[in-house]
Structures are given as structure tokens and as C-alpha cells.
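**Student:** Coordinates for the following, if possible.
(one chain, ligands or ions: 2)
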Amino acid sequence: MSLGTAVTIQVRELLSGAAEELRTSPFAPRVQALSERLDGPLRVAIAGRVKAGKSTLLNALVGERLAPTDAGECTKIVSWYEHGSGYQVSARLHAGGEQPLAFRRDGGSLSIELGGLVERDIASIRVAWPAKSLTAMSLIDTPGLASINDDNSRRTREFLESDTDRPSDADAVIYLMRHMHRTDLQFLDAFMDRSVSAASPVNAVAVLSRADEIGAGRIDAMDSARRIAERYRVDPSIQSLAATVVPVAGLLAETALTLREDEVASLRTLHATETDVLERMLLSTENFCDSHSSGLTVEIRRALLERLGMFGVRIAMTEIGLGVSTAAEMAPRLIEHSGLDGLRSVINAQFLPRARLLQARAALVSVRLLVPELRTAHPATADRLEREAERIDASAIDFARLRAAHLLSAAGLRIAERDARDLERLLLGSTDPAALGLDADASRAQLMQQSLDEVARWRERAADPLAQPALIEVFETAARTCEGIYASTTG
Ligand SMILES: Nc1nc2c(ncn2[C@@H]2O[C@H](COP(=O)(O)OP(=O)(O)OP(=O)(O)O)[C@@H](O)[C@H]2O)c(=O)[nH]1
Ligand SMILES: [Mg+2]
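**Tutor:** Ligands and ions are numbered 1, 2, ... in the order given. This next block holds a predicted model:
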């Protein structure tokens, strides 16, 4: 069974029972909304400090230039990008209700008109777009965080933070940082979901953003970025907040996915520049835009820099030197250099499989918040929901797995590297064979044998009188996980 499937079924049953009992009450739409969220796509928010590259990365993940990346009012409003059968943009108003907004495509970018509305009237903008990448997850662009208390930061924090009173509107967060800053850690810490099964870094991934700019866009910028990301990844202060750190040059990825033939033609012209002149041009942006140094107009050169950055232009020159000559050939090369695939695989391997679990957890928090409100008008339903939510929370092995995975990432545990690796696989594996480290087509006999072996292994570790209490909890959860797999394989 996949991670989160069993608990999702339980939460869904809980909600459908509640929907039936509250059918004629004013609470019905809220219960309905919870069910829809549980069955809908994962909601992934993109957050980070001002100008970290959030909107650009969002566009790269969608493969279209939907989010505005310049200044302008819309960058200060929480904006949802969801899959739709057609094209539709609307504003959800603070005063209640939704209002359609006019929009157009300007040179490939989506441009939204607020009509008579001003920024402070709008709670959020919704863009429904028939992009395939939005079917599995909706993406949410959030206003840049500056200081802990400015207006934009407040909007983003209100949206993302969860506490005992309110679950977060997002199921997972991609947090962008150009380099690690003390305020990044504070923001990330504030987003952590402290509900239901304790804080968990599994629903946050950190991106070392605008990675191509490291070392002024030198040709080895991404290698440096990878080394820095590696260092952050093992930093205890980050480990306890985010599942991993990946370097991405979002601009390069966004441009690759929207690359035009005329841009590649300009790059070819540039490549034909005399070698020593070209080398001088590629030394700095000033040299690059110097009006005497190329057959291309200054405007075209500026536009190339805006679309590719210095690193991208340098990479493109190398690729053309290797024989690349069309947009169709260039795009995959630029994507490869951008690091986008690394982020995509984290999303596919970690976020999406855990989506069900994260959503079930969010739904359960919401159910618990509903209970006190129901108490007066529907005491019996309130009691039943409270009891059931409590029971699911306490008995769901998958929530225990999340918590154990979190404990495992905490600093100061004395554990062998191999055990740590195997435990992470076991606790967060998205399917039973993956959790046991077996191939997807492993036979029933293999699954049974391996799960029994692992029960024995982790029970033995848990019985070690010298093991730390947190580790004992992790080992016991690992053993229970394997028992569960054994039971579902035999049953
Ligand atoms: N070189 C380079 N520039 C980037 C990259 N990502 C974004 N930029 C540039 O950085 C500027 C800000 O990018 P945005 O995507 O708007 O950043 P943001 O975090 O959404 O900004 P706010 O919403 O205003 O906080 C733009 O000029 C982008 O072109 C990148 O990966 N590499
Ligand atoms: Mg933005």
C-alpha cells in the first residue's frame, strides 16, 4: 500500500460521515471543502525572501510564463495557479466573493488587469490554466518576505503558517534562498507544521535559487552551487527544517522552456563574433552590452541577458560550439544545466507520494478545529468527530512514520550511517517495496521475507539499553512499519 493510503481512507470516511450528519446545517459547505481538498491536487507554495526568484521558478515548473516576475502589484498578492479546462483568472476578495479579471499574453507572459480593484481589496488571485504540469499539484506564488513584520511578509506568513488554531493552506513548501540567512531559518521555522504529528521537515524543500549567479555567472557556477547546497544539506539548522537543498537556476529553466527560434538565431550570431572579442564580451555584463562589440544590437543583447543571465549566455556559446543550432536542441541542454530536473525529482520522489499523507493530516487538523464550533448545535457529531480524529491520529502508523522521519533528521542522534539511510527509506518510502528497498515488481515471498528480517533488525536495535529515547521511538516505528507491511502482504 502507498504511504498515506490507509489513513486517507479513514479520514475520507470520517468526512463523509460528518457530511451526512451535517447535510442540512450551515457547516455542510466547510465539510465539503475539506473532502474536496483531500481528493484534489497537492498545494505547493513557493516562498522566500524578496527577489529570491520565486515567480521565475514557478514559471519554470509550469513551463509557461504565468507568474509576473517584474515589480508591479500582482507580485504582492498570493496567487494560485491551478489546472483548469480553460483559461480563467479571478480575484478572491477580502470582502467575500470572487471577481473575474481580464488578462492577456504579452510577448509570452501573462498580464493580469486588476480592473477597478486595488491590491488591498484582494485576498488572492486564482489562475486556472490547462497546463499538464498543474494536474498533480497546484502552485502558489507568495509575496517576497522582507523583514518578519512588513506587509508582504505578513501576507505570506498568514497564508503559510499553521498553528493550533489553523492549518496551513499549503500542503508543502518550496523555500527559495540565495544563500542561507538568519531570517530564512526564522521564516522556515515559522512555516513548520506543528499540528497533529509534530513538526516535520518532510513537507519543505529548500532551493538554493538563482544558483547561476554564484561566482558572477562563471561557467562552473552550478558546480559551486552544488557544493554549497551539499554543505547546507548537512547543516543541522537546515536539516531540521527542510528535507533537502537543491540548487536551481530558475531563469535558465524558464527560458529553456519558452525559448524562441529568434533567440537561438541571435545566440548563433553572437557565437560567430571573433573569438577574442567574444571572450572580452563574456567577461562582464558591461562588456557584453558595450555598443561596439557585436553585430547584435544593444537591445537584443540586453534581452538575451534578461532571458538567460550571463551564465546562460556562456553555456549557450559552449553548446553552439558543440553543434547545437535550434531551439529544440538548445532547450534540453539548458534545462540540464539549470538543475530543474533535480528539483523535479525531489517533488516526484518526496512531495507527491507524501501528498496524500500531508493532505490527510491537514484535513484532520481542520476537523479538530471544527469540533468546538459544532459543540452547541451538533453535540453528538462534535463528540464523534473528536473521538474519531483522536483515534486516527493515535493509531495511524503513517503519521508515526512522518514523526520518526523527523526525529531521525534531528541533530545529535548517535546512529550508524547505514541505519540512518535504511530508516529514511523505510519511513518515507512511497510504496511497500520502496520502503523495504526492493524492486517495484518484488514477489510476495520477497516482501514477506524482507519485512520479517527488518522487524527483527529494528526490534533488536530498539532493545539496546544504550540507545537514546528518540532513537528507540524511531526503531520501534520502523519495526511497526515492517509489521504493517508484512500483515498487508499476507492479508
Ligand atoms: N540570473 C538569474 N536571475 C534570476 C533567476 N531567477 C530570477 N532571476 C531574476 O531575478 C529577478 C527577480 O525574479 P522573480 O522571479 O520576480 O523573483 P521573486 O522572488 O518572485 O520576487 P518578488 O515576488 O518581487 O519577491 C528577475 O529580474 C529575474 O529575472 C535565476 O535563476 N538566475
Ligand atoms: Mg514574485
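**Student:** Please name every helix or strand in contact with the one helix or strand H406 maps to.
**Tutor:** For H406, the enclosing helix or strand under DSSP states H and E is helix 397-409. For helix 397-409, the packing partners by 3 or more CB pairs under 8 Å, 6 or more residues apart in numbering; DSSP states H and E come out as helix 5-21, helix 352-374, helix 417-428, helix 469-490. C-beta: built from backbone N, CA, C; applies to glycine.
**Student:** Who are the packing partners of the last one?
**Tutor:** Using 3+ CB pairs under 8 Å, 6+ apart as the contact test, the elements touching helix 469-490 are helix 397-409, helix 417-428, helix 432-435, helix 444-462.
**Student:** Is it correct that V455 is in contact with Y486?
**Tutor:** Yes. Here V455 lies in contact with Y486, judged by CB atoms under 8 Å, at a distance of 6.9 Å.
**Student:** Out of the helices and strands packed on helix 397-409, which is closest to ligand 2?
**Tutor:** With CB to the ion as the criterion, ligand 2 lies closest to helix 352-374 of those, at 23.8 Å.
**Student:** what packs against that closest one?
**Tutor:** Helix 352-374 makes packing contacts with helix 5-21, helix 28-39, strand 42-48, strand 172-177, helix 379-395, helix 397-409 when contacts are defined by 3+ CB pairs under 8 Å, 6+ apart.
**Student:** how does it look with 6 Å?
**Tutor:** Taking 3 or more CB pairs under 6 Å, 6 or more residues apart in numbering; DSSP states H and E as contact, the helices and strands that helix 352-374 lies on are helix 5-21, helix 28-39, helix 379-395.
**Student:** Specify the stretch among those helices that is closest to A172.
**Tutor:** Nearest to A172 among these is helix 28-39 (13.4 Å), distances taken as CB to CB.
**Student:** near ligand 1, which residues of the stretch 251-400 of the chain show up?
**Tutor:** Proximity of the stretch 251-400 of the chain to ligand 1 is assessed by CB under 6 Å from any ligand atom, with L251, G309 identified as the residues in range.
**Student:** which one is whichever residue of the stretch 1-150 of the chain sits closest to ligand 1 nearest to, not counting chain neighbours?
**Tutor:** The nearest approach of the stretch 1-150 of the chain to ligand 1 comes at G144, 2.4 Å away (CB to the nearest ligand atom). Distances taken as CB to CB, 6 or more residues apart in numbering place V50 nearest to G144, at 3.3 Å, with adjacent residues excluded.
**Student:** So what's the residue count around the one you found?
**Tutor:** Counted by other CB atoms under 10 Å, the residues lying close to V50 total 14.
**Student:** Return the distance of it relative to A442.
**Tutor:** For V50, the distance to A442 (CB to CB, to the nearest Å) stands at 48 Å.
**Student:** what do you get for I228?
**Tutor:** From I228 to A442 the distance is 38 Å (CB to CB).
**Student:** hang on, the earlier thing: hey, which of the helices and strands packed on helix 352-374 is tucked in deepest?
**Tutor:** The highest mean neighbour count among these, using mean count of other CB atoms under 10 Å, belongs to helix 5-21: a mean of 18.
**Student:** what packs against it?
**Tutor:** Contact here means 3+ CB pairs under 6 Å, 6+ apart; on that basis helix 5-21 packs against helix 28-39, helix 352-374, helix 379-395.
**Student:** Could you save those as JSON lines and add columns showing mean pLDDT and distance to L93?
**Tutor:** Shown next, in JSON lines, are the helices and strands packed on helix 5-21 (pLDDT from 0 to 100; distance: least, CB to CB, whole Å):
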{"stretch": "helix 28-39", "mean pLDDT": "88", "distance to L93": "18"}
{"stretch": "helix 352-374", "mean pLDDT": "83", "distance to L93": "23"}
{"stretch": "helix 379-395", "mean pLDDT": "91", "distance to L93": "31"}
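**Student:** Out of those helices, which gets nearest to V173?
**Tutor:** Between V173 and the helices and strands packed on helix 5-21, the shortest separation by CB to CB is 10.7 Å, and it involves helix 352-374.
**Student:** mind giving me the domain split of the chain?
**Tutor:** If the domains of the chain are taken from automatic domain parsing, they occupy 44-250, 252-338, 412-491, with pieces of a single domain joined by a plus sign.
**Student:** Export these to a markdown table and append columns for distance to R403 and mean pLDDT.
**Tutor:** Formatted as a markdown table, the domains of the chain follow (distance: least, CB to CB, whole Å; pLDDT from 0 to 100):
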| stretch | distance to R403 | mean pLDDT |
| --- | --- | --- |
| domain 44-250 | 5 | 83 |
| domain 252-338 | 34 | 93 |
| domain 412-491 | 7 | 91 |
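**Student:** Between those domains, which one is closest to ligand 2.
**Tutor:** For ligand 2, the closest of the domains of the chain is domain 44-250, at 3.3 Å, according to CB to the ion.
**Student:** ok, and does the closest one reach over to ligand 2?
**Tutor:** Yes. Using CB under 5 Å from the ion, domain 44-250 reaches ligand 2 at K54, S55, T75.
**Student:** leaving aside the residues next to it on the chain, what's closest to the second one?
**Tutor:** Leaving out its chain neighbours, the residue that sits closest to S55 by CB to CB, 6+ apart is A67, at 3.8 Å.
**Student:** how close does the one you found get to T481?
**Tutor:** From A67 over to T481 the distance is 39 Å, taken as CB to CB.
**Student:** Tell me which of the two has more neighbours.
**Tutor:** In this view A67 and T481 are compared by other CB under 10 Å, and T481 has more residues nearby, 27 against 24.
**Student:** Strands along the stretch 151-300 of the chain, start to end?
**Tutor:** Counting by DSSP state E, counting those that start in this stretch, the segments of the stretch 151-300 of the chain that form strands are 172-177, 204-208, 245-247.
**Student:** Quick one: the ones you listed as a markdown table, columns for distance to ligand 1 and mean neighbour count too.
**Tutor:** A markdown table is the format used below for the strands of the stretch 151-300 of the chain (distance: least, CB to the nearest ligand atom, whole Å; neighbours: other CB atoms under 10 Å):
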| stretch | distance to ligand 1 | mean neighbour count |
| --- | --- | --- |
| strand 172-177 | 7 | 26 |
| strand 204-208 | 10 | 25 |
| strand 245-247 | 10 | 25 |
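**Student:** Need the ones you listed in JSON lines (columns: distance to M330).
**Tutor:** Supplementary listing: those in JSON lines, determined by distance: least, CB to CB, whole Å:
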{"stretch": "strand 172-177", "distance to M330": "25"}
{"stretch": "strand 204-208", "distance to M330": "24"}
{"stretch": "strand 245-247", "distance to M330": "21"}
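**Student:** Kindly confirm my reading that V127 is in a helix.
**Tutor:** No. Under DSSP: H, G, I helix; E, B strand; the rest coil, V127 sits outside any helix and is assigned strand.
**Student:** is it true that it touches A91?
**Tutor:** No. Between V127 and A91 there is no contact, the gap being 10.5 Å when judged by CB atoms under 6 Å.
**Student:** Which of those two has more residues huddled nearby?
**Tutor:** Taking neighbours as other CB under 10 Å, V127 and A91 compare with V127 leading, 25 against 22.
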